[in-house]
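Engineer: Here's a sequence, model it:
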Amino acid sequence: MTSEFDVTDVLQDGTNTVAVLVMKWCDGSYLEDQDKFRMSGIFRDVYILKRPKQAISDYHIKTRIEDMLAKVEIEMKFYSPLNVKISIEDRNGAVVALGSIDEEGTAVLEIASPELWNTENPYLYKLILETENEVIVDHIALRKVEIKDQVIYLNGQKIKFRGVNRHDSDPVTGFTISLEQITTDLTLMKQHNFNAIRSSHYPNAPFFYEMCDKYGFMVIDEADIEAHGPFMIYRKEDTDYNRFKRWNEKIADDPVWEEAIVDRVKLMVERDKNRFCIVMWSMGNESAYGCNFEKALEWTKNYDPDRITQYESARYRNYDETYDYSNLDVYSRMYPALSEIQEYLDKDGSKPFLLVEYCHSMGNGPGDFEDYFQMIQDNDKMCGGFCLGMV
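Structural biologist: Okay, the predicted model is just below:
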């Protein structure tokens with residue numbers, strides 16, 4: 001996950017040396033038990049960024065779509081007071097909104113007759129934040145994702161996720177992925193009619209989400225949390241009871257891990273909050289459920305109530321305890337039988353049903369796509385699925 005450090009006070013005139021110690025194992029390793037090739041090292045960009053003392057420290061873009069008007073709310077924080085000129089341009093470079101702000105707070109701009117973003121027409125507006133010593137350029141997508149009557153809508157239209165799980169992985173470069181490699185991946189996905197990607201099982205490189213904004217993919221952004229290893233401790237007797245009931249004891253439902261789990265979710269959400277391709281936050285993968293994920297979900301919904309939340313592992317919990325699922329928006333499953341899906345739709349159906357993983361495609365290809373597709377198309381509460389996987 002992305003980390004930032006202020007090195008201003010330690011820099012000296014002349015040559016400076018940046019030294020980084022890479023640890024192969026640490027206490028965080030218990031939260032990084034993803035099913036993938038294991039490699040050690042630094043895989044993403046490392047750089048030093050020089051910025052003026054008077055500058056924007058952070059900004060959070062929110063949009064509201066009301067009939068033929070879009071409101072763009074930009075919450076800004078500064079290192080020190082300054083004046084910011086704000087402009088929004090359409091695809092052709094024409095200015096469609098102007099504004100300014102000279103103190104921390106929220107600037108509101110309006111766009112008349114907005115062009116909405118979707119996976120077939122990923123229309124982006126250009127946002128320009130100009131200060132005396134710096135210009136920041138970003139992009140805005142106008143879209144609205146919501147749940148009504150247990151059905152997911154994008155811009156008022158019912159949607160189906162034709163999704164795939166994707167790893168940052170390459171047989172030559174390992175976990176280091178270039179712009180060209182991501183472009184190849186996204187092009188192949190478009191050619192095969194995918195419209196959604198799950199960042200299994202960790203946040204991807206930051207520019208990946210900018211590419212998804214541009215190419216038109218809905219994204220589930222997933223926190224760097226996977227702790228399915230500890231439940232193996234209880235599998236001397238490999239029963240469903242031991243797998244379900246006792247999995248959450250050591251991490252998910254132990255308050256000792258609350259700070260670490262919530263911190264990883266916060267880092268993801270705060271880093272990627274301005275990427276509009278992200279329609280859903282995932283609390284992690286295969287880590288069971290408990291008080292720590294309740295806290296993570298609560299923080300996420302309070303900070304960003306406009307996006308959907310999911311966490312498939314919420315079904316693995318201590319049967320003797322009552323847990324809070326009020327901040328979990330969808331009921332997601334991995335590899336359920338068709339009969340299990342139908343049972344949920346018939347007897348519960350209180351939330352949209354998401355196949356967060358299905359039709360495992362490692363080794364011999366699956367032969368049950370058509371049956372799943374038929375069930376997805378036949379019921380509006382079935383919002384689609386993400387096959388596993390693409391690397």
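
Engineer: I figured residue 74 hits residue 59, correct?
Structural biologist: Yes. Residue 74 lies in contact with residue 59 (Cβ atoms under 8 Å); the separation is 5.7 Å. The way it works is simple: take the backbone N, C-alpha and C, and place the C-beta from them, glycine included.

Engineer: of those two, who's got more company?
Structural biologist: residue 74 (25 against 21; other Cβ atoms under 10 Å).

Engineer: Which helix or which strand is home to the nearest residue to the more buried one once chain neighbours are set aside?
Structural biologist: Nearest non-adjacent residue to residue 74, counting by Cβ to Cβ, 6 or more residues apart in numbering: residue 107, 4.9 Å away. Assigning secondary structure by DSSP states H and E places residue 107 in strand 105-112.

Engineer: Spit out the residues that contact residue 74 and residue 59 alike.
Structural biologist: residue 129 (Cβ atoms under 8 Å, 6 or more residues apart in numbering).

Engineer: So the residue nearest to residue 74 is in contact with residue 86, correct?
Structural biologist: Yes. Counting by Cβ under 8 Å, residue 107 touches residue 86, with 5.8 Å between them.

Engineer: residues touching residue 388, list them.
Structural biologist: Contacts of residue 388 by Cβ under 8 Å, 6+ apart are 164, 165, 200, 357, 358, 359, 360, 361, 362.

Engineer: Pairing partners for the helix or strand where the first one lies, with directions?
Structural biologist: Taking DSSP H and E as the criterion, the element that holds residue 164 is strand 161-166. When pairs are called by DSSP bridges, strand 161-166 turns out to pair with strand 196-198 (parallel), strand 382-390 (parallel).

Engineer: on that earlier part again, so which of the contacts of residue 388 is the most crowded?
Structural biologist: Among those, the one with the most neighbours (other Cβ under 10 Å) is residue 200, at 26 neighbours.

Engineer: Surely that residue is in contact with residue 166?
Structural biologist: Yes. Contact status for residue 200 versus residue 166: in contact at 6.5 Å, counting by Cβ under 8 Å.

Engineer: Look up the residues that both of the two are in contact with.
Structural biologist: Contacts common to residue 200 and residue 166, judged by Cβ under 8 Å, 6+ apart, are residue 389.

Engineer: what about the spatially most central residue of the chain, distance to residue 303?
Structural biologist: In the chain, the residue lying closest to the centroid (Cα atoms, centre = their mean) is residue 221, at 1.5 Å. Noted for residue 221: a distance of 13 Å to residue 303, by Cβ to Cβ, to the nearest Å.

Engineer: cool, and residue 170?
Structural biologist: Residue 170 is 33 Å from residue 303, by Cβ to Cβ.

Engineer: Between strand 161-166 and the host helix or strand of residue 376, find me the angle.
Structural biologist: Assigning secondary structure by DSSP H and E places residue 376 in helix 369-378. Using axes from the mean of the first three to the mean of the last three Cα atoms, to 10 degrees, the inter-axis angle of helix 369-378 relative to strand 161-166 is 130 degrees.

Engineer: re earlier: the residue nearest to residue 74 and residue 76: what is the separation?
Structural biologist: From residue 107 to residue 76 the distance is 7 Å (Cβ to Cβ).

Engineer: list residues touching both of those two?
Structural biologist: Common contact partners of residue 107 and residue 76 (Cβ under 8 Å, 6+ apart): 84, 101.

Engineer: so how far does stretch 23-37 reach from one end to the other?
Structural biologist: Distance between the two ends of stretch 23-37: 17 Å, counting by Cα to Cα, to the nearest Å.

Engineer: Next one: the residue nearest to residue 179 when sequence neighbours are not counted from residue 26, what distance?
Structural biologist: Residue nearest to residue 179 in three dimensions, not counting chain neighbours: residue 207, with 6.5 Å by Cβ to Cβ, 6+ apart. Distance, residue 207 to residue 26, by Cβ to Cβ: 27 Å.

Engineer: More neighbours: these two, which one.
Structural biologist: residue 207 (14 against 9).

Engineer: May I ask you to confirm that that one belongs to a helix?
Structural biologist: Yes. Applying DSSP: H, G, I helix; E, B strand; the rest coil, one finds residue 207 inside a helix.

Engineer: just to revisit the earlier point, check contacts around the residue nearest to the centre of the chain.
Structural biologist: Applying Cβ under 8 Å, 6+ apart, the residues contacting residue 221 are 199, 203, 209, 268, 269, 272, 275, 278, 280, 281, 282.

Engineer: what's the helix or strand for it?
Structural biologist: Assigned by DSSP H and E, residue 221 belongs to strand 218-222.

Engineer: repeat for residue 211
Structural biologist: Residue 211 is located in helix 206-215, with elements delineated by DSSP H and E.

Engineer: That helix vs strand 218-222, what angle?
Structural biologist: 160 degrees.
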